[in-house]
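Q: make a model of this:
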Amino acid sequence: METLSFAPHSLALSDLIGDQDPEALITISYHALGLGDLIGYSHPKFPNLCSSISQTSRQTTTHDSSSKETPQQLSLKSHNTKTWLGPKKHLKRLNAPSHWLLDKLSGKYAPRPSPGPHKLRDCMPLVVFIRNRLKYALNSREVKAIVMQRLVKVDGKVRTDPTFPAGFMDVITIEKTGERFRLIYDTKGRFTIHRITETEASYKLAKVKRVQLGAKGIPYLVTHDARTIRYPDPTIRVNDTVKIDIETGKIIDFIRFDTGTIAMATGGRNMGRVGVITHRERHDGGFDIVHIKDAIDNTFATRLSNVFIVGPDKPWISLPKGKGVKLTIAEERDRRRAHTLS
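A: Residues are numbered from 1 along each chain as shown. Below is the predicted model of the structure:
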């Protein structure tokens, strides 16, 4: 009788033999026990079990001997078919988002943002903000020393993770220096260092992404920064903007998505531009297009998903330098020349 050299399994055959039929038992032998536990085993109920298994093993050995792959090729093949388990823990520097403004020659890797309220491509880790933008630290070790002293707050909560993902409209507070910042895009689509007052730091704006009924019929909404707020105003709809009190987390006011309101583009090639919504194109089965006119009467269009309402007739937040007006290269050159001559 031919046998196969399979490693015996920790289970015993007597635990599974029961009243199974021979066909099911052979299946068990391959998937649960391995042939090493069944070869040579005799049972009064199934006298022909060993012969069936030996015949199956003979077919298996014949098939294996017909393959001409060497052990090295088999090991390489099994290595290439492995699947990596768990989340990724590294981020190559060249693959980091361009709006972080990281240089290419300062290392091979970039800090990978931790899982949080904002997506990896739409956020900025605290280590990048403190070290690369504010220049308050020389390296990530110093950033960790700063955040572990509980000196940095994001939306009123202390964050001790150096790679915590802060995103659009988040308020970063450093109480020891008395500084408050709001993460907001400039007209080139980059997060800018925008200092705000203490009054403005007490609230933030959030776009409504979803409005639903939860368990027991409780209404709730979900914002762009992953907040879940229960019992909102019944008139709030998707794409509206809510004004949230940072201390309590409750909705103070909201702005309806409508023509004539002030909006900022948060995605696409017009990211960071601010203007008044003129009209909305509806496309069934496609993307709705919103047309916006800025302060100097330049018009642009973007997808509805990229539009963030910031005010009914004037912005509820202070805007960074440029006020959301994107200039051409020639206009930027002329403005720099005029500033230099003055």
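Q: C-alpha only now, for contacts and for neighbours.
A: OK.
Q: how far away is the residue positioned nearest the centre of the chain from residue 112?
A: The chain has residue 119 as the residue nearest its centroid, 2.9 Å off, counting by CA atoms, centre = their mean. Using CA to CA, to the nearest Å, we find residue 119 at a distance of 11 Å from residue 112.
Q: for the two, list the residues in contact with both.
A: The overlap between the contact sets of residue 119 and residue 112 (CA atoms under 8 Å, 6 or more residues apart in numbering) is empty.
Q: helices of the protein, start to end?
A: For the chain, the helices defined by DSSP state H cover 22-28, 49-66, 71-80, 126-127, 140-148, 329-341.
Q: wait, residue 309 touches residue 243, no?
A: No: using CA atoms under 8 Å, residue 309 makes no contact with residue 243, being 10.8 Å away.
Q: of those two, who's got more company?
A: residue 309 (28 against 19; other CA atoms under 10 Å).
Q: so what's the more buried one closest to, chain neighbours aside?
A: residue 263 (4.2 Å; CA to CA, 6 or more residues apart in numbering).
Q: ok, the residue nearest to the centre of the chain - contacts?
A: residue 165.
Q: residue 184 versus that one, what's the distance?
A: Residue 119 is 15 Å from residue 184, by CA to CA.
Q: convert the C-alpha atoms of whichever strand in the chain runs longest to CSV, please.
A: Secondary structure of the chain per DSSP state E: the longest strand is strand 203-213. Extracted as CSV, the C-alpha positions of strand 203-213 are listed here (Å, rounded to 0.1, in the frame of the first residue of the first chain):
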residue,chain,number,x,y,z
TYR,A,203,-16.9,76.5,15.9
LYS,A,204,-16.3,74.7,12.6
LEU,A,205,-18.2,74.0,9.4
ALA,A,206,-19.0,70.5,8.3
LYS,A,207,-20.6,69.2,5.1
VAL,A,208,-23.5,66.8,5.4
LYS,A,209,-22.8,63.6,3.7
ARG,A,210,-25.7,61.4,4.7
VAL,A,211,-29.1,61.8,6.5
GLN,A,212,-30.7,58.6,7.7
LEU,A,213,-32.9,56.9,10.3
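Q: now it: buried residues?
A: Along strand 203-213, these residues count as buried under the neighbour rule (16 or more other CA atoms under 10 Å): 203-209, 211.
Q: list the strands paired with it, with their directions.
A: If you go by DSSP bridges, strand 203-213 pairs up with strand 219-223 (antiparallel), strand 241-245 (antiparallel).
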